[in-house]
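Peer 1: Coordinates for the following, if possible.
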Amino acid sequence: MFENVKAIPGDALLALMVAFKSDPNPNKIDLGVGVYKNDSGQTPILNVVKKAEAYLIEHEQSKGYIGTNGAPELGPLLQGLMLGQDHPIIQEGRIATAQTPGGTGALRVAGDLINAVSPNAKIWVSDPTWSNHFHVFAGAGVEVRTYPYYDAKCNALAIDAMLENIRQMPAGDVILLHASCHNPTGIDPSFSQWQQISKAVADQGLIPLIDCAYQGFGEGLEEDVQGLKMLLDLCPEAIITTSCSKNFGLYNERIGALSLVTENAEHCRVAFSQVANCIRANYSNPPAHGAAIVTTILSDSDLRQQWEQELADMRNRIHRMRTELVSSLQSLNCNRDFSFIQQQKGMFSYSGLSKDEVLYLREHYGIYAVESGRINIAGINDRNLSLLSEAINKAIQ
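Peer 2: Now for the predicted structure:
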């Protein structure tokens with residue numbers, strides 16, 4: 001069976017992580033890996049998570065299966081976090097949520113669902129997008145195509161090209177949109193651009209798949225889902241994938257969810273049975289611990305308040321590092337304008353650095369970034385900011 005198997009090239013980002021770890025440079029800087037880091041360069045466990053875990057250790061009574069769709073308490077809490085408890089979609093029973101192993105697991109279930117109920121539908125993703133989107137949907141047997149998103153000349157959203165492309169997509173196809181903190185560019189649509197995008201998607205009869213991986217990391221919990229809500233106001237059906245890896249810091253607990261929105265409650269009940277069937281054929285049951293942590297935090301007013309404050313602290317640190325990076329480069333009289341970095345949202349930035357400049361930073365300074373020029377702003381801290389700025393200045397000269 002295996003003697004003639006051909007090796008598949010490894011993931012470029014994983015290879016970058018290995019190269020960084022093996023680099024002996026004591027001043028090396030990791031701007032590649034896509035996780036939040038604090039000012040000490042660590043991916044911290046939130047204090048509120050430790051409190052929730054302490055409670056669970058004392059009160060947990062079973063390690064039994066939690067069911068195909070996951071913890072029953074989790075879905076309504078995540079729906080309320082995205083939409084608000086009084087949203088008509090919730091009140092009308094038009095939304096159902098299944099817990100998944102991380103946001104990636106939610107995307108794979110979404111791909112399996114699309115292939116099961118509409119096998120001829122294609123999924124359209126932004127150019128660029130998170131690289132694993134291609135692997136996940138192709139693995140589920142769904143054809144993946146791209147639409148324009150990034151205007152490299154202006155370091156901005158290519159809104160006109162994006163809308164023109166949306167208006168040519170076949171009705172019934174699926175379009176993936178990042179709810180906020182676009183990965184990898186950090187460029188989100190403005191309020192008015194979201195209005196145009198939502199109308200175009202609805203008019204074209206497309207099904208929005210909204211990847212909500214960074215709620216609270218951009219401008220705030222409410223602000224980061226304004227585009228999502230606009231889409232749901234105009235589109236009768238949608239799929240939403242959620243990740244708790246970033247805003248709860250639960251990367252290795254693999255806690256996410258898939259929410260299905262339909263035109264009426266009966267459609268929701270029937271269609272959601274297909275979601276459960278896809279899950280049963282894949283991993284059968286999701287892991288319990290991460291869901292228990294999130295449920296505990298969101299169910300307790302004091303813990304939720306503490307979580308919102310810790311989330312705001314992470315968000316504000318990212319905002320501060322964006323501002324200080326731009327200011328530091330300006331103080332060096334850098335001959336390139338990087339002010340657009342301050343307008344981007346979330347952890348990631350399409351920095352405008354070329355592949356050659358990225359490789360120069362890696363070779364001469366031990367600064368690791370993705371060859372596209374995408375950098376993780378959370379990898380910048382007060383200790384490495386000066387070195388990073390000087391290195392970027394040298395790289396572009």
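
Peer 1: Count the neighbours of residue 17 for me.
Peer 2: 16 (other CB atoms under 10 Å). Yep, even glycine has a C-beta here, placed from its N, CA and C like the rest.

Peer 1: So it sits against residue 32, correct?
Peer 2: Yes. With contact defined as CB atoms under 8 Å, residue 17 counts as touching residue 32 (6.7 Å).

Peer 1: And the contacts of the helix or strand where residue 358 lies?
Peer 2: Here residue 358, judged by DSSP states H and E, is contained in helix 355-365. If you take CB atoms under 8 Å, 6 or more residues apart in numbering as the criterion, helix 355-365 is touched by 19, 25, 27, 29, 353, 367-373, 387, 391-392, 394-396.

Peer 1: How about stretch 133-147?
Peer 2: Outside stretch 133-147, the residues that touch it by CB under 8 Å, 6+ apart are 104, 107-108, 111-112, 114-115, 119, 121-127, 129, 162, 165-166, 169, 174-176, 211.

Peer 1: buried set for that stretch?
Peer 2: 133, 136-137, 140, 142, 144, 147 (16 or more other CB atoms under 10 Å).

Peer 1: Would it be right to say that residue 186 lies in a strand?
Peer 2: No. The assignment for residue 186, made by DSSP: H, G, I helix; E, B strand; the rest coil, is coil rather than a strand.

Peer 1: Could you pull up the residues touching it?
Peer 2: Applying CB under 8 Å, 6+ apart to residue 186 gives the contacts 341, 344-350, 377.

Peer 1: Now for the most centrally placed residue in the chain: which residues touch it?
Peer 2: Against the mean C-alpha coordinate of the chain, by CA atoms, centre = their mean, the closest residue is residue 213 at 3.1 Å. When contacts are counted by CB under 8 Å, 6+ apart, residue 213 touches 103, 178-179, 181, 183, 241-243, 245-246.

Peer 1: again, only using 7 Å
Peer 2: 103, 243, 246 (CB atoms under 7 Å, 6 or more residues apart in numbering).

Peer 1: how near is it to residue 96?
Peer 2: Residue 213 sits 20 Å away from residue 96 when distances are taken as CB to CB, to the nearest Å.

Peer 1: likewise residue 276?
Peer 2: For residue 276, the distance to residue 96 - CB to CB - is 10 Å.

Peer 1: Comparing these two, which residue is more hemmed in?
Peer 2: Higher neighbour count among residue 276 and residue 96: residue 96, with 21 against 15, using other CB under 10 Å.

Peer 1: Disregarding flanking residues, what is the spatial nearest neighbour of the more buried one?
Peer 2: residue 272 (4.2 Å; CB to CB, 6 or more residues apart in numbering).

Peer 1: mind pulling up the phi and psi values for the residue nearest to the centre of the chain?
Peer 2: phi -100, psi -10 (degrees, to the nearest 10).

Peer 1: can you give me the helices for the stretch 1-150 of the chain?
Peer 2: Listed in chain order, the helices of the stretch 1-150 of the chain (DSSP state H, counting those that start in this stretch) span 12-22, 47-59, 74-83, 88-91, 102-117, 132-139.

Peer 1: list the buried ones in the helix or strand of the chain with the lowest mean pLDDT?
Peer 2: When each helix and strand of the chain is scored by mean pLDDT, DSSP states H and E, helix 12-22 comes last, with a mean of 84. In terms of neighbour count (16+ other CB under 10 Å), helix 12-22 has its buried residues at 16-17, 20.

Peer 1: which helices and strands sit right next to it?
Peer 2: Packed against helix 12-22 by the contact rule (3 or more CB pairs under 7 Å, 6 or more residues apart in numbering; DSSP states H and E) you find strand 367-368.

Peer 1: pLDDT on the next helix or strand after the strand it packs on, on average?
Peer 2: Next along the chain after strand 367-368, taking DSSP H and E as the criterion, comes strand 374-376. Averaging pLDDT along strand 374-376 gives 96.

Peer 1: Give the partner strands of strand 374-376 in its sheet and their orientations.
Peer 2: In the sheet, strand 374-376 lines up against strand 348-350 (antiparallel) (DSSP bridges).

Peer 1: So what touches the partner strand?
Peer 2: With contact meaning CB under 7 Å, 6+ apart, strand 348-350 is reached by 150, 155, 183-186, 341, 373-377.

Peer 1: ok, how many other residues are close to the nearest residue in space to residue 321 that is not next to it in sequence?
Peer 2: Closest residue to residue 321 apart from its sequence neighbours, by CB to CB, 6+ apart: residue 380 at 4.5 Å. Applying other CB under 10 Å, we find 26 residues neighbouring residue 380.

Peer 1: go on, residue 42?
Peer 2: 9.

Peer 1: From residue 376, how far out is it?
Peer 2: Distance from residue 42 to residue 376, by CB to CB: 14 Å.

Peer 1: Would you mind splitting this protein into its domains for me?
Peer 2: Taking automatic domain parsing as the reference, the chain has its domains at 12-44+308-396, 65-299.

Peer 1: Just the endpoints, please. Distance across the last one?
Peer 2: Between the opening and closing residues of domain 65-299 we find a distance of 21 Å, counting by CA to CA, to the nearest Å.

Peer 1: TSV please, covering the contacts of strand 348-350 and showing distance to residue 259.
Peer 2: Below are these laid out as TSV (distance: CB to CB, whole Å):
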residue	distance to residue 259
150	27
155	33
183	19
184	24
185	25
186	25
341	32
373	33
374	28
375	31
376	27
377	28
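
Peer 1: Which of the helices or strands spans the residue nearest to residue 96?
Peer 2: Per DSSP H and E: helix 265-282 holds residue 272.
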